[in-house]
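Following is a predicted model, sequence given first.
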Amino acid sequence: MTAILVQCALAAAQDARFAAEASTVHQNHQTTHAINNFQNGNGPTDHDALICCPPCYGRILDLYKARYFGNPPADLLKDPLLLPRGEWFTAAPPSFLEKLADLIEQAKQYQIHPRLIDEHVRKEKERWYADSLTTLRLRSMVEEEDRIAIADKLEEFAAGSAPIEELMAVVSASLRKLTGNDGLPITDLPEKLLAATNHSERVEVLRKVLFMASPQPTEGGQSGEVPEAHKKFYNMLEQDNASMEQVKDKILEERQDASSVPDKIEKLQTRLAELKRAQSAHALERAKKAANKKRLAEQQRSVTELYNLPPCSVCHNPVNPGDFKACTLCALLVGYEVEGAEKTVYCSPECLRDGYPNHLKTHHCSSGPTCVHATKDHAQHDHDTEMTDSLPTPGDLRFCRECFVNLKKPTAWCSPACVRAHYLQHHEQVHVGVANGGDRMEINGQPEDVDLDSHSHTIPLADAVKDWEARNGGVRLEE
């Protein structure tokens, strides 16, 4: 229990020291580099910012790296045995420090903004605080009002409306109640524990804060003495070298043994577990029924839409739902509810032969005149390039995943070569603008590092066909 309080104090001290060192670098930058820039006749500009000064910016990042990858200074953690595992982040998953090191290096190369480093640390720290305090609350807070107070403060902290100091104060107050001595303030408990140089000094800190009676003399005792009811717990710390966690567990054990609460708690917990299992089973069954109902409705809708056919596009006669030909691309566009899509069907092989070649010319490569497979005649026109002879094979067709699935736009390229030549420009012109800087189809890293053949950003024709067939009860779209 005391470990989390000390870790909070150590983190605060480390952060304050980093802030002071960073402030020194910033002041040096302002008095040297920024002033030199002004004296050279350039005048104060945005480039006077520290981030625009590679030497000073690099020093700040080196300080940040030392903050998380160096050992705590001896003057802060005087007794390493108090925190054998070091600061809070040493218990984090290895991926936290690995990513932190990578982010610092990226910031040095000006590939990312340094605020992403702070955001990465903040999220992990909040996760650690929440996990640690949740466990602490479940194990040690035996009073109902304490459980409610800590739960409320934990929610406020997670929502960002309460600082960690308020959460620590609530936890510390509940800790004081555990010993029955809640008359004195203990806001400085973490700092005092951090300053202790050995076990004896820590015990003295805990005696004064947690176990010592009121400064006013009491009947049968002097002021400042440990009350009789607390002595055996204090002796566990002083004589048996027990940890505060062990003392706390002993207090809880004796409280529980003195009443029938354990049996009631166990019965209630057993009953609660049974109710939760029953509730989960009921919810799972309802979810299954809802999923089956939804699937049946979708299948019925697919069948209705599949056989709700327009007239033959050549002779305009009604088509036989059991024997007709359709344009695969049109069927896909309609199935994905793409804007402006309509079905194109043919009632006979003859109509297919007469009408399909001309119809195919209506499907264009979105690269337009710059299509890598376009003919010279095609390149002379402003409108899109027709995907006919320019396609090596129909299987080379690629849809833009974001346009096709989310925006319902018929953006397609005739081949992987066209994707590699035009996708990044399309992404910048269409998706970045549409998302207003959001995270839709965000491309991480440098543009030259993006693998445009991985199908992360495009959908091959074959994959689109398979998905269509799966959503339509296995009906074959292509023979």
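Thanks, I have the structure now.

count of neighbours near residue 461?
Around residue 461 there are 19 other residues, counting by other C-beta atoms under 10 Å. Just so you know, the C-beta spots here come from the backbone N, C-alpha and C atoms, and that holds for glycine as well.

so it sits right up against residue 397, yeah?
Yes - the criterion here is C-beta atoms under 8 Å, and residue 461 meets it with residue 397 at 4.2 Å.

what about residue 14, which helix or strand?
helix 2-29 (DSSP states H and E).

got it, and residue 270?
Per DSSP H and E, residue 270 falls inside helix 261-307.

thought residue 59 was touching residue 25?
Yes - the criterion here is C-beta under 8 Å, and residue 59 meets it with residue 25 at 5.0 Å.

Compute the distance between residue 31 and residue 25, please.
Residue 31 sits 11 Å away from residue 25, going by C-beta to C-beta, to the nearest Å.

Between these two, which is the more surrounded one?
Shown here are residue 31 and residue 25; by other C-beta under 10 Å, residue 25 has more neighbours (19 against 10).

Need the pLDDT of that one.
Model confidence at residue 25, given as pLDDT, is 92.

Assess the claim that it and residue 61 are in contact.
No - taking contacts as C-beta under 8 Å, residue 25 lies outside contact range of residue 61: 10.3 Å.

the strands in this protein, which residues?
Secondary structure of the chain (DSSP state E): strands at 325-326, 345-346, 364-365, 385-386, 398-400, 412-413, 458-460.

Could you list the low-pLDDT ranges of the stretch 351-479 of the chain?
Applying pLDDT under 70 to the stretch 351-479 of the chain flags residues 375-392, 433-451, 453-454, 473-474, 478-479.

go with 90
In the predicted model, the stretch 351-479 of the chain carries pLDDT under 90 at residues 360-396, 404-407, 414-418, 420-421, 424-425, 427-457, 465-479.

for the stretch 1-150 of the chain, same thing?
1-18, 28-54, 67-94, 122-150.

ok, now with 70
Residue ranges of the stretch 1-150 of the chain with pLDDT under 70: 1-6, 34-48, 72-86, 133-144, 147.

what ranges do the helices span in it?
2-29, 35-39, 54-69, 94-108, 115-140, 144-159 (DSSP state H, counting those that start in this stretch).

Save those helices as TSV, and put in distance to residue 342 too.
As requested, the helices of the stretch 1-150 of the chain are arranged in TSV below (distance: least, C-beta to C-beta, whole Å):
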stretch	distance to residue 342
helix 2-29	62
helix 35-39	63
helix 54-69	57
helix 94-108	48
helix 115-140	46
helix 144-159	49
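
Quick one, which of these gets closest to residue 455.
helix 94-108 (25.9 Å; C-beta to C-beta).

angle of the closest one against helix 54-69?
With axes from the mean of the first three to the mean of the last three C-alpha atoms, to 10 degrees defining the directions, helix 94-108 sits at 170 degrees from helix 54-69.
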